[in-house]
Structure formats: structure tokens, C-alpha cells
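Enquirer: no FASTA, just this:
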Ligand code: ADP
Ligand code: MG
């Protein structure tokens, strides 16, 4: 008798969903990105019991068209990408069509959406765990979309228990992720709140639209943060054939087809002892304004800073402006990992440029040379 047999479709869906939605951070990241992709100018994230009971994301974006209700939460159904080649010119955060379908498999999930301003009437969409539309009903709703995720991982007992055990730490990580979106999105108003069972709703932070990234940082972390920051504006050119690098800060060079321009814009702590932080918890990295985790880039930043301030870590807000063919966002199902081409060269140049920048802002002798 054959021992190899296919896994039941329902289990496959659950297994794969667990790779897309791995924690509360993934839920918030996916839903906020959907709101940004829908053109929202206001995004309100509401937690109940730090997200254990529910996570709601309210936006004022374009809403969902009635003809899409049936397919919206089906796996690999997306309005954003139709062929693999499109990945190279991706302008949206989403492209895999997996987030909503995964949330149906792992939580009690529903959506309320309205396409028009008039009437304040919208549609509530309920789904089966497979992502199939179960029912629709008419409800009161402003223009935009509300996505509600309740009881995350209720059907994965081990993960649910882990989540409950580590909820304070998880919640801290979620806020860091939200801070990154709020700081980089200069056109969008962000707000986050948390309500504990029997407790009052507490506003966690809020920003406004049409502010600079610096003003957003002040709103999120407090105006005092700004005093210790210097502007980050590094530019270099990498030769994609040889990996050779030249800085273009001072002289302008001729465009050539094999060279790749890299710009790193943002804000960073001055390399002054006493002006950093005890923990590296305020460090945000972006690739073309897309918040992402870049551990190697973070390491290069921290190492360069440590040459001047060995006891503390810098505040970092760094947006890497790269050619779209210089990185790949499709490395893992949760889209957190980004593959940077020519990373070794990039990191070496980055460190050298940072040391140069810090030297111009510091009168004292670098501690590494003492
Ligand atoms: P993806 O973002 O990769 O397309 P998702 O499962 O996250 O996959 O979303 C599926 C589709 O649902 C999106 O392509 C989009 O058309 C629609 N959608 C999701 N969230 C929203 C929202 N907040 N507003 C409008 N449309 C949305
Ligand atoms: Mg999405």
C-alpha cells in the first residue's frame, strides 16, 4: 500500500497560513499595508487586551468593490500582481494575496467596507475558515474598510499559549512596527489605542498627515528625541560588475548603465556619549520607504556608532533608496526578509560613510582609538 498521500486541503491551508501570519506583528503589518495600498490617509489600529482579544484596523481608503467580495479572502487572489514579472516594478506592499486568506484560517475574522461617502452604509463580510465568503449584511459604516481579527490562533493551541505567555513583549514589538509605518508615512495620519478588559481605552500614540518624518518622530517618540539627532544623507554608487564603490557626496559623476546608485536618508543620534539609548529599541529601517528588518544593515550602523559611544545604542531612522532590481522582497511568506544584492559591498561602504559622518559631528577622540 502506498504510504505517500496528499495532505488534506484544509490542513495545507492552515500550515501555509501559519507561515504568513506568525505573530501579532504579522497581523498588524499585513493589515496596515493593505490600508496603505488602498490609498488610506488615516489609519487607526485598535487593540483589545494588547491584541489577544482583538485587533482592528480602520482606514479611510478606497474600500472593497462588491464584485470582489467573493474572492477577496481566497488564497492567492490579489488586486496587485498578476504575473511574476510584475514583482520587479512593484509599487504596492502586498503582492501574494495570502494575508486575508491566512487570517480566515487562524482567527475569527470579518470585514466591514464601504466604497462611497454618502449614506454611511457599508457591508459586513463574514468568511469560512477556507476564505470562502459565508454571508454579507448591511451595517452602518463610513467610507473605507474595517478589518477585525479576533482570538488569533484560537485553533493552534501551542501558538496561542505562547502568545498569551509573551504578550507584553509581543505588544512592544507590534508598537515598534507601527511606529515605523507612522514615521515614514508623511501623508497618512496614524493612531493606535489599546483597551484592557474592564479598563478604559488608552491612546498609545497618534500622528497627523502632511508632516515631515522629523515631525512624525517627535509625535511618536516625543520632541526631546529630536535634539540628539543629525540628518542622515549618504550617497554612493556601486558598480554591479566589480562591486567597486565611489561616494558621490562631493562630485557628480556620469551615469553609466552598470552602476547602481544608493542613497540612505533619515536621522540618527549624534555620536555623543549620553545621547544614545540603553537599548537598541528605536531603530527603523526601510527600503524605498517599505519598513523592513535588515539585521546586517542594523549591525553595520551599530558597529560604526560604537566607535564613538560604546555604552549606548543610537536612534536610527534609515531609508535605503535602491533601484528596484537591487533587492528582492519575495524571500519569505511573511515578506519580512529582504534580499539585498551586493550586500557585502554595500555594508562596507555604509560603515565607512557613517564613520566619516560621525567624525564630522564629533570633537572628541573616537573611543576605539583611546
Ligand atoms: P495582497 O495584499 O497581497 O493583495 P491580501 O490578502 O492582503 O493580499 O488582500 C487581498 C485583497 O484584498 C487586496 O489585493 C485588496 O484588493 C483587498 N483589500 C485588502 N485589504 C483592503 C483594504 N483595507 N481596503 C481595500 N481593499 C483591501
Ligand atoms: Mg496584503
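Expert: Everything's here; your move. None of the values given here were measured: they were computed from a predicted structure. Numbers count the residues shown, from 1 in each chain. Ligands and ions are numbered 1, 2, ... in the order given.

Enquirer: Could you check how far residue 274 is from residue 55?
Expert: In this structure, residue 274 lies at 38 Å from residue 55, with Cβ to Cβ, to the nearest Å as the measure. C-beta coordinates here come from the backbone N, C-alpha and C atoms, glycine included.

Enquirer: out of these two, which sits in the busier spot?
Expert: Counting neighbours by other Cβ atoms under 10 Å for residue 274 and for residue 55 shows that residue 55 has the greater number, 23 against 9.

Enquirer: Please enumerate the strands of the stretch 1-150 of the chain.
Expert: 42-48, 54-59, 108-114, 121-127, 133-140, 144-150 (DSSP state E, counting those that start in this stretch).

Enquirer: As a markdown table, these with mean pLDDT would be great.
Expert: Written out in a markdown table, the entries for the strands of the stretch 1-150 of the chain read as follows (pLDDT from 0 to 100):
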| stretch | mean pLDDT |
| --- | --- |
| strand 42-48 | 98 |
| strand 54-59 | 98 |
| strand 108-114 | 96 |
| strand 121-127 | 95 |
| strand 133-140 | 95 |
| strand 144-150 | 97 |
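
Enquirer: and of these, who's closest to ligand 2?
Expert: Smallest distance to ligand 2 across those (Cβ to the ion): 10.3 Å, for strand 144-150.

Enquirer: How much space separates residue 332 from residue 161?
Expert: Computed with Cβ to Cβ, the distance linking residue 332 and residue 161 is 24 Å.

Enquirer: Oops, could you answer that again for residue 205 instead?
Expert: Relative to residue 161, residue 205 is positioned 29 Å away (Cβ to Cβ).

Enquirer: What of residue 346?
Expert: Relative to residue 161, residue 346 is positioned 41 Å away (Cβ to Cβ).

Enquirer: now residue 13
Expert: As defined by Cβ to Cβ, residue 13 lies at a distance of 22 Å from residue 161.

Enquirer: higher neighbour count, these two?
Expert: Legend: neighbour count by other Cβ under 10 Å for residue 13 and residue 161, higher for residue 13 (20 against 11).

Enquirer: how close does the residue of the stretch 51-200 of the chain found nearest ligand 1 sit to residue 36?
Expert: Nearest residue of the stretch 51-200 of the chain to ligand 1: residue 94, at 2.1 Å (Cβ to the nearest ligand atom). Look at residue 94 and residue 36: by Cβ to Cβ, they are 9 Å apart.

Enquirer: again with residue 13
Expert: Distance, residue 13 to residue 36, by Cβ to Cβ: 26 Å.

Enquirer: Quick one: name the residues of the stretch 101-250 of the chain near ligand 1.
Expert: Taking Cβ under 6 Å from any ligand atom as the test, the list of the stretch 101-250 of the chain residues beside ligand 1 reads 101, 145.

Enquirer: make it 5 Å
Expert: Within the stretch 101-250 of the chain, the residues that sit near ligand 1 (Cβ under 5 Å from any ligand atom) are residue 145.

Enquirer: elements contacting the host helix or strand of residue 346?
Expert: Under the criterion DSSP states H and E, the helix or strand holding residue 346 is helix 343-360. On a contact count with 3 or more Cβ pairs under 8 Å, 6 or more residues apart in numbering; DSSP states H and E, helix 343-360 meets strand 229-239, strand 245-247, strand 259-269, helix 295-306.

Enquirer: Go through those and name the closest to residue 50.
Expert: Across the helices and strands packed on helix 343-360, residue 50 has its closest neighbour in helix 295-306 (25.5 Å, Cβ to Cβ).

Enquirer: That closest one relative to strand 229-239, how many degrees between them?
Expert: Taking axes from the mean of the first three to the mean of the last three Cα atoms, to 10 degrees, one finds that helix 295-306 is oriented at 120 degrees with respect to strand 229-239.

Enquirer: Offset the numbering so it begins at 39, please.
Expert: With 39 as the first residue, the last one maps to helix 333-344.

Enquirer: ok, residues contacting helix 333-344?
Expert: Contacts with helix 333-344, where a contact means Cβ atoms under 8 Å, 6 or more residues apart in numbering, come from 306-307, 309, 314, 318, 321, 323, 351-352, 354, 356, 358, 378, 381, 384-385, 388-389, 392-393, 396, 406.

Enquirer: quick one: that helix to strand 297-307, angle?
Expert: 50 degrees.

Enquirer: Could you check helix 333-344 and say which residues are buried?
Expert: Neighbour-count burial for helix 333-344, with 16 or more other Cβ atoms under 10 Å as criterion, is recorded at 335-336, 338-339, 342-344.

Enquirer: Can you name the residue of the stretch 39-188 of the chain nearest ligand 2?
Expert: Closest point on the stretch 39-188 of the chain to ligand 2, by Cβ to the ion, is residue 132, at 2.9 Å.

Enquirer: what sits against that residue?
Expert: When the contact criterion is Cβ under 8 Å, 6+ apart, the partners of residue 132 are 68, 71-72, 75, 116, 118.
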